[in-house]
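Novice: Sequence plus the predicted model coming up.
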2 protein chains.
Amino acid sequence: MNSPINRPIFASIHSEAFSHNLTRVRELVPNSKIWSVVKANAYGHGFESALKGLADTDGFALLDLQDARWLRSSGWEGRILLLEGLFQPSELEDVLRLNCDLVVHCENQVTWLESLQTKSLKPIQIYLKLNSGMNRLGFKPSAYRTAFHRLHSAGHEIHHMSHFANADQIDKYPTLGQQLDCFSEAIEGLHGEICLANSAAILWHRNTSGNWVRPGIMLYGASPTGNFDDIRHAHLEAVMHLKSEIIDIQLVSAGDHIGYGGRFMAPEAMRIGIIACGYADGYPRQAKDGTPVWLEVPGFEKKGVICPLAGQVAMDMLTVDLRNAPQAKIGTKVELWGKQVPVDDVARMSGTIGYELLCGLAPRVPVLLK
Amino acid sequence: MNSPINRPIFASIHSEAFSHNLTRVRELVPNSKIWSVVKANAYGHGFESALKGLADTDGFALLDLQDARWLRSSGWEGRILLLEGLFQPSELEDVLRLNCDLVVHCENQVTWLESLQTKSLKPIQIYLKLNSGMNRLGFKPSAYRTAFHRLHSAGHEIHHMSHFANADQIDKYPTLGQQLDCFSEAIEGLHGEICLANSAAILWHRNTSGNWVRPGIMLYGASPTGNFDDIRHAHLEAVMHLKSEIIDIQLVSAGDHIGYGGRFMAPEAMRIGIIACGYADGYPRQAKDGTPVWLEVPGFEKKGVICPLAGQVAMDMLTVDLRNAPQAKIGTKVELWGKQVPVDDVARMSGTIGYELLCGLAPRVPVLLK
């Protein structure tokens, strides 16, 4: 993967931003323990940097057993939660060996865990998942208690979990309030710890924080809503900075078209900067003209200036309008997202959310750990 | 990367489809040699399968010097073209050692190649790139001849190249005709081979085929336009098949909402299938409700049926309406794109083109070479 390449693109991953963001979570919910969600290769940031920057977490929550193996082999001795539990009964052996906690969300998983001989083992910590309205994974309220009692009888230790569909929305169904009511009713009288809040709930619904919270996107410095304005005052820092350079400049005339489909037409004679970054690097092809790109050029506050995307993003290149940056030249450094350009802003101009862009960083982009 | 994981998702890569598609290119342009374009890790398919399936090509065209290294170390002795040429003069040594042909698109690259002592070496095969209206990389017509003569004087062998902005369009500027006229005028009287046609031009403008063609997307069995109907009768085969399974089923009531934002509302009591594939696997988050997903169930022609996406694609899961497939159960196999569902159809429902989805296959998805 990250062997040296000739193109000037790279992503720097800032572990001190990780620890800063984790500290922010602690400040917001001081009475809850924290599952740091690092599925999808730590949202595209890589496990190595996550382990370094999030070492103070109470546990890591992830999806793939291979990631749990990597964490253990890298010396992580704390808790690990498999967010979708077992996919096959054959995985149980590894789960026990790696000492993982398990989400249980369906009947099959209960059956597999019942069949386990637990007498000589310490009980598995299970997060029983309630479908409180998201209608994706989890037991319906009517089936929840039966599952709880079956697992309890099998000797496991059971905790309660659900997932919000709209913790970042106020006008969508099911509402957070509806899901919370459903949850309270379903678990009434059952012992066990409670784990509900994702990033959006940690930021905006701290009544849900319970024993454990599960921050994901906020640890990476991006917004649960996909809108950076919503976290502008939350004091989070971008962990991934995607950078490249101008590799060529075209001087075009009024009326000239740029790139595939000729989407951008020059309104006057102007310079177009060609940047070594395309959708095969993970930059969204859907980005509209005007999507911000930051250029490091002298003569500006913060030593740089935003130039707008001009023309369709291609597989390996994108093009920007250089009229804001007469100082720009071949070799000028650019930031596609990160500290100067929130990934949320690029996502919003592309009809998606920062999560997708971070997770979609291509393997061909070299990663620099800071 | 591709170590065994627990989630049931994988991509199978069919090298016989590669060779079938290459044969189709030969049938369409029998008098041209073929640069098979394999940049971006062979459009996400991996070099190993490309080298196997495209072994009969006349050359491979790519971007990263590290990919050229891999091809040589894997025994490829044919030609290799670096599509953006040198990024740094320091790369020249590797270029000579690996015996690569070079695109030259800017002044700096000419200067670097002039400074090379070529007397004792065989000349580099250079594809001089004309900016005939794409306004991305390449020399303007007014600067083209000077670059040609400088490189020729430096002892290199020069060929002629340009790139079409709209070979798949008829109503956009610059038109293919405009670019062709510009090219003919710029190279008039200069010796050297000609390389112009991308997949769209091979399919629809065979007057452009010249000495070399540069097929990319058609080798992978997808459409240059992003619309599968445009290649339905071109007899191309999908090389990548993305597959997974149903990991859970929810029985929902009329009025229930599914997933984030509750975008899909059940019009009646119905079953929702939860599939282990999300945007962190490379499936587009922007896919609309109704995007086709193929389920392998008995009782249908071709042993399966299309079910429509129902609800927002999440990071690790997507949800489908199972009303077409009463036979579906946990463990039912699905194809997200490939033979049954053209990747173009998924792309079109997501506002993009197949290229972006193929290139965006996530490293966490295991790849099976067939």
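Specialist: Done, it's in.

Novice: number of nearby residues for residue A:254?
Specialist: 10 (other Cβ atoms under 10 Å in any protein chain shown). Heads up, the C-betas are built off the backbone N, CA and C, glycines and all.

Novice: and chain A, what are its domains?
Specialist: Taking automatic domain parsing as the reference, chain A has its domains at A:31-220, A:240-369.

Novice: Can I get those in TSV including mean pLDDT?
Specialist: Output for the domains of chain A, formatted as TSV (pLDDT from 0 to 100):
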stretch	mean pLDDT
domain A:31-220	94
domain A:240-369	96
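
Novice: Same list (these) but as CSV, adding distance to chain B.
Specialist: Compiled in CSV, the domains of chain A are given as follows (distance: least, Cβ to the nearest Cβ, whole Å):
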stretch, distance to chain B
domain A:31-220, 4
domain A:240-369, 4
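
Novice: Quick one: those domains as TSV, columns for distance to residue B:8 too.
Specialist: Listed next are the domains of chain A as TSV, based on distance: least, Cβ to Cβ, whole Å:
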stretch	distance to residue B:8
domain A:31-220	6
domain A:240-369	19
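
Novice: out of those domains, which comes closest to residue B:264?
Specialist: Using Cβ to Cβ as the measure, domain A:31-220 is the one of those that comes nearest residue B:264, at 8.9 Å.

Novice: Tell me the gap between the closest one and the middle of its chain.
Specialist: 16 Å (Cα atoms, centre = their mean, to the nearest Å).

Novice: now do stretch A:285-294
Specialist: So, by Cα atoms, centre = their mean, the centroid of stretch A:285-294 is 21 Å from its chain's centroid.

Novice: Report the separation between the residue lying closest to residue A:267 once chain neighbours are set aside and residue B:196.
Specialist: Using Cβ to Cβ, 6 or more residues apart in numbering or on different chains and skipping residues adjacent in sequence, the residue nearest residue A:267 is residue A:254, 6.5 Å away. Separation of residue A:254 from residue B:196 (Cβ to Cβ, to the nearest Å): 27 Å.

Novice: same thing with residue A:215?
Specialist: When residue A:215 is compared with residue B:196 (using Cβ to Cβ), they lie 52 Å apart.

Novice: Kindly report the same for residue A:289.
Specialist: Separation of residue A:289 from residue B:196 (Cβ to Cβ) stands at 27 Å.

Novice: between the two, who's got more neighbours?
Specialist: residue B:196 (27 against 17).

Novice: for chain A, what spans make up the helices?
Specialist: For chain A, applying DSSP state H gives helices covering A:15-28, A:39-43, A:47-53, A:65-73, A:92-97, A:107-114, A:141-153, A:176-187, A:199-204, A:343-348, A:354-359.

Novice: deepest of those, which one?
Specialist: Across the helices of chain A, the average number of neighbours (mean count of other Cβ atoms under 10 Å in any protein chain shown) peaks for helix A:354-359, which reaches a mean of 27.

Novice: Now do that one: everything it contacts.
Specialist: With Cβ atoms under 8 Å, 6 or more residues apart in numbering or on different chains as the test, helix A:354-359 has contacts from A:40-41, A:43-45, A:216-217, A:220, A:222-223, A:226, A:240, A:282-284, A:337, A:342-344, A:346-347, A:350, B:279-280, B:285, B:315, B:362.

Novice: Show me those residues that map onto strands.
Specialist: Among these, the members found in strands (DSSP state E) are A:240, A:337.

Novice: Tell me what residue A:161 is bridged to.
Specialist: Applying DSSP bridges to residue A:161 gives these bridge partners: residue A:129, residue A:195.

Novice: Am I right that it is in contact with residue A:103?
Specialist: Yes. The pair residue A:161 and residue A:103 qualifies as a contact (Cβ atoms under 8 Å) at a distance of 6.5 Å.

Novice: quick one: which of these two has more around it?
Specialist: For residue A:161 versus residue A:103, neighbours defined as other Cβ under 10 Å are more numerous around residue A:161 (28 against 23).

Novice: and residue A:324, what is it in contact with?
Specialist: A:295, A:305-308.

Novice: Dihedrals phi and psi, it?
Specialist: phi -80, psi -10 (degrees, to the nearest 10).

Novice: what's the distance between it and residue A:307?
Specialist: 5 Å.

Novice: Now for these two: what residues contact both?
Specialist: Common neighbours of residue A:324 and residue A:307 (Cβ under 8 Å, 6+ apart) are residue A:295.

Novice: show me what contacts residue A:158?
Specialist: Contacts of residue A:158 by Cβ under 8 Å, 6+ apart are A:126, A:128, A:148, A:151-152, A:190-192.

Novice: again, only using 7 Å
Specialist: The contact partners of residue A:158, by Cβ atoms under 7 Å, 6 or more residues apart in numbering or on different chains, come to A:126, A:128, A:148, A:151-152, A:192.

Novice: So residue A:174 sits against residue B:262, correct?
Specialist: Yes. Look at residue A:174 against residue B:262 with Cβ atoms under 7 Å: they come within range, at 6.4 Å.

Novice: so what sits against both of those two?
Specialist: A:165-166.
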